[in-house]
Every structure is written in C-alpha cells, then in structure tokens.
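Undergrad: Make a model of this:
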Amino acid sequence: MDRVKIGITFRAIRVELRLRQADVAALAGVSQASVSAIERGKFGSLSIDTLDRIGQALEADLTLALRWRGPKLARLLDRRHAHLSNLVVAELVAAGWEVCPEETFNHFGDRGSVDVLAWRPESAALLIIEIKSEIVDIQDLLRALDIKARVVPGVVRRTRGWQAEHVAAVVVLPSNNAHRRAAATHAALLGAALPARTREVRRWIAHPAGWLRGLWFFPYINGQSTVEQTSAGRRVQAPRGRPSPAPPMLQDPLRAENRALEAAKSHRFGGDQP
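TA: Numbers count the residues shown, from 1 in each chain. This is a model prediction of the structure:
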C-alpha cells in the first residue's frame, strides 16, 4: 500500500472541492487531526471505517484490495464462489424452487448476470440472489443488486413468461466471523438496503410473500471458511500443565446458525432478531 500516494490523492480531491481539512472532518464526523494524518500518509492507526467515512465526505470510493500470489487468488475465490453457489442451489431445489444459475440479462444498457435466479410457480415468486465469497466493495454490490432487482422481473416476464407477484433480492455471504464483522462495520448501510437477515430470508424462501431484500449468511464448507480449515489442520502444542483453549476463529458458525434456527422455532411468535 502506497500511503504517500493515497494521502496525496485525498488532498488533491479536497483541494479540488475547495474544502478545508476542518470542513472534511465535520462532514465525516472525525477530528481534523485524522484528516491531516491521512493527507500526510501517516494513517496506520486509523480504522478502515474512519478512512471510508472521510472518503465518503469527499464523494470518493475507497477500495481495499488484497493481492496474493498473482492469479492463484482469483482461482481460489472462484472456487469458493462456485462451491457456495452449488450449496445455495441445492437448498433451493430441495425447497421446491426452479433454479437458473448464471442468468444473463440485457435491458436498454442495463446488463449483467444473476448468480442464482429462482422461480416458484405456485406462489408466483421470484428470487434474485447475488453470491459473494468475499466482500470487496459494499457500494458497488448494492448498486448491482438494485439494478437486478429493478430490471430482472420485467426481463423474465417477457422472456420466460414469469409474472412475479412476490420478489426477493438477496445477498449470500459465507457464515463466518470475518464476514459477520464486515457486515457489522457497514451495519447502517446494509440495514437500510438489506433489512432482512438469515431467519427472515429462510422464512420467505419457505413461504414467499411480498417484497424482501436481505442478507443471508450461509453455512459454507461444513461451517468453516478456507482459512479456518487451514488453521484447524495445524497442530499447536499447548503449554504444559494447562489445556489450550480453542481459538475463536475455529468455532463452528454452522453450529451457531443451527442454534439460532432452534431458537426461532421455540419463539416463533416472538420478535425477529437480525
């Protein structure tokens, strides 16, 4: 990461917008010292959330990119995406949905593909799913999903004769600690754009009714991410005389998901938690 170049870029945008550091700080809700630190490339102690807020104050998108061993990372992510897609498709088919993976569309310049498009004829319900094995750009993800939710129902009405009365647009993420922390970091943004969560999404899939937008944390690879599987395979010697506690990252998210579902069954007439 070229911190000096990033700092110069922040300053150049601020000057172009004719803003003072104090103005940017007020818009972002941070201290002027934080803005100054960024522009000098000395922002190692600042959180990603602070950087993102200052970027938004400058009407700029902040992209965090992680590179690893050239094309090997792209192959790794694609493999995880394909496996997660397969799990989602299998669950929808078991629930009685007609599923079309990688459905492409083109409507007056709005073009793209839907990772998983599903249809339930007896309910006239359409399900649009965007699958992400990694969160890269929240705003870009929400923009793409908004286009699909707006355009795809009309496209399939013309091309497939599907007259959808109930529509859901859902983002699927692997159910692990890293992705839940990432969602928590952007809780306000995701809460406004995707208010429903896993239990509510599953209920809609079982009994579709109305319009829904949500975030579905899906159990992935026996409840563990690739990183967690790798860590679980490494044996660490515990200090003599006392057992070594299991690291938090090795806790099974699938077990937590099942506990949540059991709680939902026992409190089916109670409030819904995110």
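Undergrad: This structure: strands as residue ranges?
TA: Remark: strands assigned in the chain by DSSP state E are 98-107, 110-120, 125-131, 166-174, 211-218.
Undergrad: Just checking: what are the partner strands of the shortest one?
TA: In other words, strand 125-131. Sheet pairing of strand 125-131 (DSSP bridges) gives strand 110-120 (antiparallel), strand 166-174 (parallel).
Undergrad: which residues are contacting that strand?
TA: By CB atoms under 8 Å, 6 or more residues apart in numbering, the residues outside strand 125-131 that reach it are 81, 84-85, 88, 92, 97, 114-120, 141, 144-145, 148-149, 152-153, 156, 162, 164-172, 205, 208, 216. For glycine as for every other residue, the C-beta is placed from the backbone atoms N, C-alpha and C.
Undergrad: Please pick the buried ones from those.
TA: 81, 84-85, 88, 92, 97, 114-120, 141, 145, 148-149, 152-153, 156, 162, 164, 166-172, 205, 208, 216 (16 or more other CB atoms under 10 Å).
Undergrad: quick one, helices of the stretch 101-250 of the chain?
TA: In the stretch 101-250 of the chain, the segments counted as helices under DSSP state H, counting those that start in this stretch are 138-159, 177-185, 187-193, 198-206, 226-232.
Undergrad: now, of those helices, which is deepest in the fold?
TA: helix 198-206 (a mean of 19; mean count of other CB atoms under 10 Å).
Undergrad: mean confidence for that one?
TA: Mean pLDDT, helix 198-206: 96.
Undergrad: could you check the angle strand 125-131 makes with it?
TA: 140 degrees (axes from the mean of the first three to the mean of the last three CA atoms, to 10 degrees).
Undergrad: Show me what helix 198-206 is packed against.
TA: Packing partners of helix 198-206 (3 or more CB pairs under 8 Å, 6 or more residues apart in numbering; DSSP states H and E): strand 166-174, strand 211-218, helix 253-266.
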